[in-house]
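Visitor: I would like to see how this sequence folds:
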Amino acid sequence: VFVVNMSQEVDTCPPVLPATPAPQQKHDSHPSSSSSTPSASAPPPHHDQGGESRHHLHFVDAARAVISNLRAQREAESSAHQKLRQFIPHSDGPEELAAAVPGFVNLSQTGVIYVTERASKVGFSPTNPEWANFGQGAPETGALPGCPERKHTVTIEGDDYEYAPVTGLLDLRKAVANLYNDLYRKNKASKYTVANVCIVPGGRAGLTRIAAAIGDVNVGFFLPEYTAYEEMLYVFKRAIPIPTNRERVTRSVERLKDEITERGIRVVVSSNPCNPTGGLVRGEELSSWLQMARETQTTLVLDEFYSHYIYADPPAGSDVSMVSSAEFVDDVEKDPVVILDGLTKNWRCPGWRVCWVVGPSVLIGTLRSAGSFLEGGANHPLQTAAIPLLDPMTVRRDAKILQDHFRMKRDLVVDRLRALGARIETPESTFYVWANLEDLPHPLDNGLSFFEEALKYKVVLVPGIFFDVNPGKRRELFHSPYHHYVRISFGPALEQLKRGLDALERMVAAFKEKAAIQQQQQQHQAGAETNSTTAPTSSGKH
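Guide: All right, here's what the predicted structure looks like:
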C-alpha cells in the first residue's frame with residue numbers, strides 16, 4: 001500500500017513498468033504455481049528543461065500497472081484465468097463505460113452469469129438436450145413422483161390489472177404469517193401477523209430492499225456464500241462488509257460472537273441452509289445464534305430459501321423436516337431477526353418471482369419505502385395464484401415429496417463424484433454439492449480449469465472462486481482459498497444429471513489416462529538415464 005498526495009504526479013526513477021500482455025500458454029495451472037515473468041516496457045519519457053529524461057505517471061496509473069504486472073505473472077499459464085479477465089475488463093476501472101455513457105460505472109457480474117455466457121459461446125442453450133447444466137441455481141420445475149399435477153393456468157380478474165401494494169396483497173401476507181405460525185410457532189405467545197410480512201418480486205429484490213435500509217454499520221458475512229451478496233453489499237456503500245471467517249464449517253456461535261464484538265458488526269447476512277456448501281445451522285445451534293443476536297443487539301438477516309431441502313431425519317412425531325429461525329424467535333416485534341424466503345426454491349416456482357421478507361413490523365414499513373423507489377412490488381396476478389400454495393397441509397405434503405426426490409439425486413451425485421476422485425462432505429441441505437478437486441489430475445484440480453474442460457464435454461458448473469464474496473474487489477482473484485472447488489447443482493431432472501455425470505466421468509478418465517502415460521514416460525526416461533550412468537566403460541569394467 002502506497003500513501004501519497006493523490007493530487008501530485010509521481011516521478012518514477014527508475015520508472016514504474018506497466019505490464020505487457022502475458023504470452024498464451026498451452027496448458028492451465030493454478031495461478032500461484034506460475035513461474036513465468038512477462039516482459040515490461042517503460043512509458044514514454046518526459047524531458048524537462050534541463051534535458052533530463054523523467055517519467056511521469058499519476059499514482060493511480062502506477063498502482064494499476066503494478067497490479068496488472070502481478071496478475072500477468074501469476075496467471076500467465078492459465079488460459080482459464082485469462083478468459084475470465086477478458087470477461088471482466090472493468091475490474092481495472094470504469095473508464096470504458098464512462099467514456100460511452102458519462103457518469104456511469106461498471107458493475108461486476110455474478111459467477112452464474114459468467115459461466116452461462118461462457119457456455120453459450122461454445123453452444124450451450126437451456127433447451128439443447130445435449131448439454132447438462134450443473135450450474136443452475138434453480139430446481140427442476142416439473143412434476144415429481146407422487147406429487148399432484150402442477151397448476152398451468154392463472155385466472156386474471158379485473159383488479160389484477162392494477163398495481164399491487166408495494167408490500168404485497170393483504171391476503172398473501174396473511175397466508176405467509178399463518179404458515180410460519182403453523183409450522184414453527186404453535187406454542188409461542190408472540191405470533192406473526194400481516195404487519196410482519198412484506199411481499200417482494202424475487203429474493204434479490206428482497207435483499208436489495210434490505211441493503212437499501214442498512215445504515216452506516218459493519219456488515220458481516222460468511223465465506224463461501226451466495227454470489228449475489230457481493231454486489232448487494234458493494235453498491236449500497238453505507239454497508240461495510242467484513243468476512244467473519246474462512247470456513248463455513250466453523251460457524252460456532254462462540255466464533256460468531258467474537259467476530260461481532262471485536263469487529264463491531266451490527267448486521268450479519270447469511271444463507272441458512274448455505275448456498276453453496278449445503279451446510280446447515282439448526283436446532284439448539286440455531287437457537288443459540290438468536291440468543292446471541294439478542295444479547296449483542298446484532299440483526300441477523302437469514303436467507304432461508306432452501307429451508308425445505310433438509311435431508312436429516314425429521315423430528316419425532318413428524319414425517320418431514322423443515323428449518324427456520326422463526327422457530328426460535330421469542331418476540332416477533334423485538335427480536336432482531338429478518339427472514340427471506342419465497343416460491344423460488346422451496347415451491348419450485350423460480351419464474352413467478354413471488355417472495356417475502358418476515359421481520360419486526362417497523363422494518364416492514366421501511367421496506368415499503370425502499371420498494372417504492374426500487375422496483376414497485378411483485379406481480380399482481382401471481383400473488384393471487386400463490387395464496388393456495390401456502391396452505392400448511394399442502395406445504396408439508398409437498399416438502400416430504402421434494403425431500404425424498406432430491407435426497408435420491410443428492411446421493412447419486414455425491415457417490416459418482418467421489419468415484420471420480422472429488423472430496424465431498426455430504427450436503428445436509430440445498431441441492432448443491434461443494435466439491436474439492438485437489439486430488440484430481442492437473443489441470444482439473446483447479447475450479448476454473450475444470451469448468452473450461454467440462455464445457456468441452458457439454459457440462460456447465462460454477463467454479464468455487466465465485467462464492468468467495470468479495471465486495472469492491474478488495475481481495476485479488478488469485479488469493480481465493482476456493483480455487484480448488486466447484487459447485488455442482490443437482491437441481492436438474494434426473495436424466496440430465498446422469499447425462500452430465502457420464503460426461504464428467506469421460507473427461508476425468510481422459511486426463512487420468514494422459515497423466516498415467518506421462519508418468520510412464522517419465523519413469524522410462526529416468527530408467528534410461530540411470531542405465532547410461534552405469535553402462536560399462538571401454539575397458540569392460542564398471
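Visitor: could you give the number of residues near residue 152?
Guide: 5 (other C-beta atoms under 10 Å). For glycine as for every other residue, the C-beta is placed from the backbone atoms N, C-alpha and C.
Visitor: measure it to residue 268 for me?
Guide: Per C-beta to C-beta, to the nearest Å, residue 152 is found 40 Å from residue 268.
Visitor: now residue 490
Guide: 28 Å.
Visitor: now do residue 415
Guide: On the measure of C-beta to C-beta, residue 415 and residue 268 end up 35 Å apart.
Visitor: pick out whichever of those two has more residues nearby.
Guide: Counted by other C-beta under 10 Å, residue 415 and residue 268 do not tie: residue 268 has more neighbours, with 25 against 12.
Visitor: surely that one is in a strand?
Guide: Yes - assessed by DSSP: H, G, I helix; E, B strand; the rest coil, residue 268 belongs to a strand.
Visitor: from residue 322, how far out is it?
Guide: Distance from residue 268 to residue 322, counting by C-beta to C-beta: 22 Å.
Visitor: what's the answer for residue 450, then?
Guide: Remark: distance between residue 450 and residue 322 (C-beta to C-beta) = 34 Å.
Visitor: which of those two has more neighbours?
Guide: Using other C-beta under 10 Å as the criterion, residue 450 and residue 322 rank with residue 450 on top: 29 against 22.
Visitor: doesn't residue 486 make contact with that one?
Guide: Yes - in this structure, residue 450 is within contact of residue 486 by C-beta atoms under 8 Å, at 5.7 Å.
Visitor: overlap of the contact sets of these two?
Guide: 437, 461, 463 (C-beta atoms under 8 Å, 6 or more residues apart in numbering).
Visitor: who's in contact with the last one?
Guide: This means residue 463. With C-beta under 8 Å, 6+ apart, residue 463 has these contacts: 111, 115, 447, 448, 450, 451, 485, 486.
Visitor: so the last one sits right up against residue 446, yeah?
Guide: No - in this structure, residue 486 sits apart from residue 446 without contact. The criterion is C-beta under 8 Å, and the distance is 9.6 Å.
Visitor: any common contacting residues for those two?
Guide: The contact lists of residue 486 and residue 446 share residue 437, where a contact means C-beta under 8 Å, 6+ apart.
Visitor: for burial, what's the neighbour tally of residue 103?
Guide: When neighbours are counted by other C-beta under 10 Å, residue 103 registers 6.
Visitor: please report how far it lies from residue 199.
Guide: Residue 103 is 33 Å from residue 199, by C-beta to C-beta.
Visitor: cool, residue 156 as well?
Guide: From residue 156 to residue 199 the distance is 18 Å (C-beta to C-beta).
Visitor: more neighbours, those two?
Guide: Taking other C-beta under 10 Å, residue 156 and residue 199 do not tie; residue 199 has more neighbours (28 against 13).
Visitor: list the contacts for that one?
Guide: Neighbouring residues of residue 199 by C-beta under 8 Å, 6+ apart: 164, 167-169, 172-173, 176, 354-356, 377-378, 383.
Visitor: now these in CSV, with distance to residue 305 and pLDDT?
Guide: Shown next, in CSV, are these (distance: C-beta to C-beta, whole Å; pLDDT from 0 to 100):
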residue, distance to residue 305, pLDDT
164, 22, 97
167, 20, 98
168, 17, 98
169, 21, 98
172, 17, 98
173, 18, 98
176, 14, 98
354, 12, 98
355, 8, 98
356, 11, 98
377, 19, 97
378, 16, 98
383, 18, 98
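Visitor: from those, which land in helices?
Guide: Here DSSP state H is the test, and the contacts of residue 199 give 172, 173, 176, 383 as lying in helices.
Visitor: who's in contact with the closest residue to residue 399 other than its chain neighbours?
Guide: Closest residue in space to residue 399, ignoring its immediate chain neighbours: residue 308 at 4.4 Å, by C-beta to C-beta, 6 or more residues apart in numbering. Residue 308 sits next to 322, 345, 346, 395, 399, 402, 403 when contact means C-beta under 8 Å, 6+ apart.
Visitor: ok, now residue 513?
Guide: Applying C-beta under 8 Å, 6+ apart, no residues qualify as near residue 513.
Visitor: so the residue nearest to residue 399 belongs to a helix, correct?
Guide: No - with three-state DSSP as the criterion, residue 308 is coil rather than part of a helix.
Visitor: quick one: it from residue 401, how far?
Guide: 10 Å.
Visitor: equivalent analysis for residue 382, please.
Guide: On the measure of C-beta to C-beta, residue 382 and residue 401 end up 22 Å apart.
Visitor: what's the answer for residue 470, then?
Guide: Look at residue 470 and residue 401: by C-beta to C-beta, they are 38 Å apart.
Visitor: what's the most distant pair in the ones in helices among the contacts of residue 199?
Guide: Farthest-apart pair in these is 176 and 383; separation 10.7 Å (C-beta to C-beta).
Visitor: what subset of the ones in helices among the contacts of residue 199 is buried?
Guide: In the ones in helices among the contacts of residue 199, burial by neighbour count holds for 172, 173, 176, 383, counting by 16 or more other C-beta atoms under 10 Å.
Visitor: include distance to residue 373 when you put those into a markdown table, please.
Guide: Shown next, in a markdown table, are these (distance: C-beta to C-beta, whole Å):
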| residue | distance to residue 373 |
| --- | --- |
| 172 | 22 |
| 173 | 21 |
| 176 | 23 |
| 383 | 20 |
